[in-house]
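**Student:** Any chance you could fold what I've pasted below:
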Amino acid sequence: MSLYDLAGRDLIAETDWTKEEYDSAIRLTDHLKGLYYSGEPHPYLAYKTFAMMFFAGSTRTRMSFETAMTQLGGHAQFISPKTLRLSLEDTPGAGETVKDTVKAMSRFCDGIGIRLLDDAIDYYGHGDLVMRKFAEFGDVPVINMASDINHPCQSLTDIYTIREKLGEPKGSKIVISWAYSPWVRGPCSIHGTALISAMYGMDLVLAHPPEYDLDPAVMDTCRRLADRSGGSVEVANDMDQALEGAQVVFPRNWCTSRRYEHGKEKELELAEKYTDWRYTKKRQQELCSPGHLLQCMPVDRGHEADIEVCDNELSWMYDQAENRLHTQKAILVLAMGGRL
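**Tutor:** Numbering: from 1, shown residues only. Sure, this is the predicted structure:
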């Protein structure tokens with residue numbers, strides 16, 4: 001396929017692009033990262049604008065996208081929806097509709113990024129629905145900067161980091177484990193890393209207490225992708241059993257499917273039953289092979305993972321964070337029709 005086949009394409013769910021298309025993005029990421037470290041200018045998106053709508057806050061997402069557009073010769077425009085007249089309800093008197101907002105935005109910019117999840121939504125699936133409405137009515141590509149269901153920019157970064165560190169991902173064992181934290185967070189990063197790991201033929205184990213089952217539709221897709229790629233998908237309710245022989249471990253808290261029904265207090269009460277679900281130094285040393293830490297951050301140090309695990313030589317956290325810059329540059333160039 002040509003690199004230009006992705007021009008104008010949305011990226012909302014991991015499955016919006018094929019493995020072959022992600023392979024192209026990975027090759028382009030290698031090229032862009034090389035230019036970054038050699039100090040060579042690469043204004044592939046000169047005079048183009050990427051509008052970033054942040055319904056939910058961020059650290060790495062905003063900084064990496066803004067830096068990416070600057071290095072590509074374009075401009076990233078930060079937009080707080082609170083400063084707009086936009087309403088997510090399509091009813092008279094509520095405010096400007098998504099359709100009218102995105103139709104106007106499409107005249108001003110070359111791509112739109114949206115971050116909408118967790119406390120910024122009213123129910124599971126709400127963020128994804130809004131993004132798809134933007135994509136339906138917009139005339140420029142829509143990039144998911146994190147929704148309640150998917151996080152494709154982080155997912156590409158994760159598989160890129162695994163490939164960079166281990167070589168061919170296929171056949172490597174990755175354990176994505178629920179981990180205790182008093183933070184109540186959505187599952188988008190978990191879904192995304194599970195989907196991309198299955199797509200690339202990894203032996204995926206999802207470990208969690210019984211109450212923390214993931215979206216059945218996402219799990220079905222993971223199994224289909226694994227069947228196609230030669231990978232495998234397993235679910236375990238015992239963390240120690242799951243970690244046996246793990247090459248890569250992603251410990252992360254996520255909420256139950258009832259989070260928007262019974263509220264955050266109930267989520268916190270349930271999590272307190274499982275405070276032993278932590279990625280500890282002891283577990284890493286005694287169970288894993290070797291158990292490299294993959295963590296999209298922010299990480300709850302001392303809860304999700306021991307401080308020693310975050311900071312030892314097996315931790316990939318900061319290299320992974322940096323790779324958000326390089327992979328997102330590739331996504332932007334491909335989706336926004338950059339000229340190489």
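**Student:** I figured Leu314 hits His292, correct?
**Tutor:** Yes: counting by CB atoms under 8 Å, Leu314 does reach His292; the two are 5.0 Å apart. Every residue, glycine included, has its C-beta placed from N, CA and C.
**Student:** more crowded one of these two?
**Tutor:** Using other CB atoms under 10 Å as the criterion, Leu314 and His292 rank with His292 on top: 23 against 16.
**Student:** hang on, isn't the more buried one packed against Gln247?
**Tutor:** Yes: using CB under 8 Å, His292 is in contact with Gln247, at 6.6 Å.
**Student:** need the helices for the stretch 151-300 of the chain, in chain order.
**Tutor:** Along the stretch 151-300 of the chain, counting by DSSP state H, counting those that start in this stretch, helices occupy 152-166, 188-199, 216-229, 239-243, 259-271, 281-287.
**Student:** Ok, which of those comes nearest Met336?
**Tutor:** helix 152-166 (13.9 Å; CB to CB).
**Student:** what about the closest residue to Ala335 other than its chain neighbours, how many neighbours?
**Tutor:** For Ala335, ignoring the flanking residues on the chain, the nearest one in space by CB to CB, 6 or more residues apart in numbering is Pro141 at 4.3 Å. Residues contacting Pro141 under the criterion other CB under 10 Å number 24.
**Student:** how near is Pro141 to Lys273?
**Tutor:** 43 Å (CB to CB, to the nearest Å).
**Student:** now do Thr221
**Tutor:** Distance from Thr221 to Lys273, by CB to CB: 29 Å.
**Student:** neighbour count winner among those two?
**Tutor:** More crowded of Thr221 and Lys273, by other CB under 10 Å: Thr221, with 19 against 11.
**Student:** Ser172 and Leu166 touch, don't they?
**Tutor:** Yes: taking contacts as CB under 8 Å, Ser172 lies within contact range of Leu166: 5.8 Å.
**Student:** Give the residues shared as contacts by these two.
**Tutor:** Gln247, Val248 (CB atoms under 8 Å, 6 or more residues apart in numbering).
**Student:** and the helix or strand containing Glu308, what other elements does it pack with?
**Tutor:** Element membership of Glu308, judged by DSSP states H and E, is helix 307-311. If you count contacts as 3 or more CB pairs under 8 Å, 6 or more residues apart in numbering; DSSP states H and E, helix 307-311 packs onto helix 281-287.
**Student:** Which positions within stretch 182-194 qualify as buried?
**Tutor:** Trp183, Val184, Arg185, Gly186, Pro187, Cys188, Ser189, Ile190, His191, Gly192, Thr193, Ala194 (16 or more other CB atoms under 10 Å).
**Student:** Contact partners for the fifth one?
**Tutor:** In other words, Pro187. Asp148, Ile149, Leu214, Asp215, Trp254, Cys255 are the contacts of Pro187 under CB under 8 Å, 6+ apart.
**Student:** Pull up the gap between it and His208, please.
**Tutor:** In terms of CB to CB, Pro187 sits 10 Å off from His208.
**Student:** Identify the contacts common to these two.
**Tutor:** Common neighbours of Pro187 and His208 (CB under 8 Å, 6+ apart) are Leu214, Trp254.
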